[in-house]
Structure formats: structure tokens, C-alpha cells
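Visitor: Structure of the sequence below:
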Amino acid sequence: MKSSPAKSTGSEASLQPPNIILRTSSKYHPLMICLLVGSTATVLFPLFFALRDGDFHTAWTLLWSVLFIGLVFMLVLPKTVDVRSDGVIGIKTMLTTWKFTDVTRAYESSFSPDELMMPRIKFATTWKPPHRVILCRKNGKWDVLVSPEDAKEFVEAVNNLVGSEEVVNAETGVKKTPKRDLSSQ
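Guide: Residues are numbered from 1 along each chain as shown. From the prediction side, this is the model:
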């Protein structure tokens, strides 16, 4: 008896994960790594001395502080950034994947004081301009700032996926929309 391949129904097809068009790791600046290690060490050293001196109330408080800081780090520090075929931009951390479905375009960003003051969801882990990308979102939602390892390829993949026609110059921040030739339509 021959076995035929099983046909997938619509509900089974929707359970399959979308294809990942591009996955790139997050770029970490060495200073960022020092800040992460330093902030954890700032709490761990007093914990060691509290345990040594028998001050268990302080030790428990510091231990819970270390666990809380670790949990926050694992929730917000990105490992990879994905561009998916269903239009979702995924930012994967150690504990979760943040998904943004309303991205309209992406562009490389320079490091300027004005940029620091803008309200954005910041997953950026480096300060160096070639690795900083801003994902613009619909309906006035806060933009997302990420630091992909390969920023140019990431920006190209996002803009190709969302069909963005708007071009932004990374150095000047000037936005240009190409004019369509309506005479051929």
C-alpha cells in the first residue's frame, strides 16, 4: 500500500512559523558590556560581604535585587533581530521575542543629541552610527531603535518587505519620497 503525503488544512498552515528573511545578531559596544558587568558587580560585592558578616536580611534584599536586575537584562537586551516574511520584525531576547507588526520603514541613524531625546523604544546596544537603525511605526507609535550587526542589509530587508518608497538620508535626516510618473498609468 502506498502512503500519500498528508494534506495540510488551513488551520495547520497558520500554526507554522513564518519564514525568516533575515536574522542578524545585535551589535554590542564594549562599553555596554562593561556597564552590564559593572552594574551586576555593584550588587554582588555587597552581597558577598553581607553573607560573610552574617547580615542575612541585607543579603536576601541584595539577592532579590540581583535576580530582578538579571530578569530585566534578560527581558530587554536583544540577542538577534529578525525580519520575517509575514511583515513582523522580531527582537529576540533571552526570555521573549518582542514583535512589531506595524513597521513602515527603516533607516540608519547617526548618533546625535536630538536623537537621544526622541521618545523611542530602545533596544540599541551600541553608540556607533553604522550599527544603529530606527524602525518607524504607524499611527504615531514610538519608533524602535535597534543595533543589528549588519545594519545596511537589515534596513534593505525591512524596506523591501514593507515596500517603503520613502528614502531617508542617515547623515542629514532629510526624507524624500520619489515622485511617481502618473502619465504611464
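Visitor: got a list of contacts for stretch 69-80?
Guide: 23-26, 36, 39-40, 43, 91-96, 123, 125, 146-147 (C-beta atoms under 8 Å, 6 or more residues apart in numbering). Using the backbone N, CA and C atoms, a C-beta is placed for each residue, glycine as well.
Visitor: What residues sit buried inside that stretch?
Guide: Within stretch 69-80, the residues that count as buried by 16 or more other C-beta atoms under 10 Å are 69, 76-78, 80.
Visitor: now stretch 91-109
Guide: 91-93, 98, 100, 103-109.
Visitor: do stretch 106-120 as well
Guide: Result for stretch 106-120 [16+ other C-beta under 10 Å]: buried residues 106-109, 120.
Visitor: taking the buried residues of stretch 69-80 one by one, which sit in strands?
Guide: Among the buried residues of stretch 69-80, DSSP state E puts residue 80 in strands.
Visitor: which two from the buried residues of stretch 69-80 end up farthest apart in space?
Guide: Spatially, the most separated pair among the buried residues of stretch 69-80 is 69 and 80, at 22.2 Å (C-beta to C-beta).
Visitor: Looking at this structure, which helix is longest?
Guide: helix 30-53 (DSSP state H).
Visitor: on contacts alone, who are the packing partners of that helix?
Guide: Applying 3 or more C-beta pairs under 8 Å, 6 or more residues apart in numbering; DSSP states H and E, one finds that helix 30-53 makes contact with helix 56-76.
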